[in-house]
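Undergrad: just coords:
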């Protein structure tokens, strides 16, 4: 992926580290890692775009955690924490 926003090696290390929490013997083909990275970058770019729009709407130029929380809530994203959805 020549136009990646996130460096390939650190992203792949993170994917492998997280996957160890699921199963110790998971292996990834390069195209699978590339697809994960492209999807993650696409999601994050969109989230930051929405977050920035909320900051601008509030009359600020600096994004804040509350902007991202609201952006995620509007999008319908939720984070599971101990079995409960949190925003």
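TA: Cool, got the structure. Keep in mind the model is a prediction, meaning the values are calculated, not measured.
Undergrad: for the rest of this, base every contact and every neighbour count on C-alpha atoms.
TA: OK.
Undergrad: hmm, residue 63 and residue 52 touching each other?
TA: Yes. Applying C-alpha atoms under 8 Å as the test, residue 52 and residue 63 come out as touching, 5.9 Å apart.
Undergrad: more neighbours, those two?
TA: The neighbour count for residue 52 versus residue 63, taken as other C-alpha atoms under 10 Å, is higher for residue 52 (20 against 16).
Undergrad: which SSE is that one in?
TA: When elements are assigned from DSSP states H and E, residue 52 belongs to helix 30-57.
Undergrad: residue 62 and residue 55, how far apart?
TA: Residue 62 sits 7 Å away from residue 55 when distances are taken as C-alpha to C-alpha, to the nearest Å.
Undergrad: quick one: name whatever helix or strand follows the helix holding residue 52.
TA: helix 65-75.
Undergrad: what's that following helix packed up against?
TA: In terms of contacts (3 or more C-alpha pairs under 8 Å, 6 or more residues apart in numbering; DSSP states H and E), helix 65-75 is packed against helix 30-57.
Undergrad: now do the helix it packs on against helix 65-75, angle only.
TA: For helix 30-57 and helix 65-75, the angle between their directions (axes from the mean of the first three to the mean of the last three C-alpha atoms, to 10 degrees) works out to 110 degrees.
Undergrad: and helix 30-57, how far out from the chain middle?
TA: Distance of helix 30-57 from the chain centroid (C-alpha atoms, centre = their mean, to the nearest Å) equals 6 Å.
Undergrad: pull out the buried residues from that helix.
TA: Neighbour-count burial for helix 30-57, with 16 or more other C-alpha atoms under 10 Å as criterion, is recorded at 33-34, 37-38, 47, 50-55.
Undergrad: again with stretch 18-33
TA: Residues of stretch 18-33 classed as buried under the neighbour-count rule (16+ other C-alpha under 10 Å) are residue 33.
Undergrad: gap between the two ends of it?
TA: End to end - C-alpha to C-alpha - stretch 18-33 spans 13 Å.
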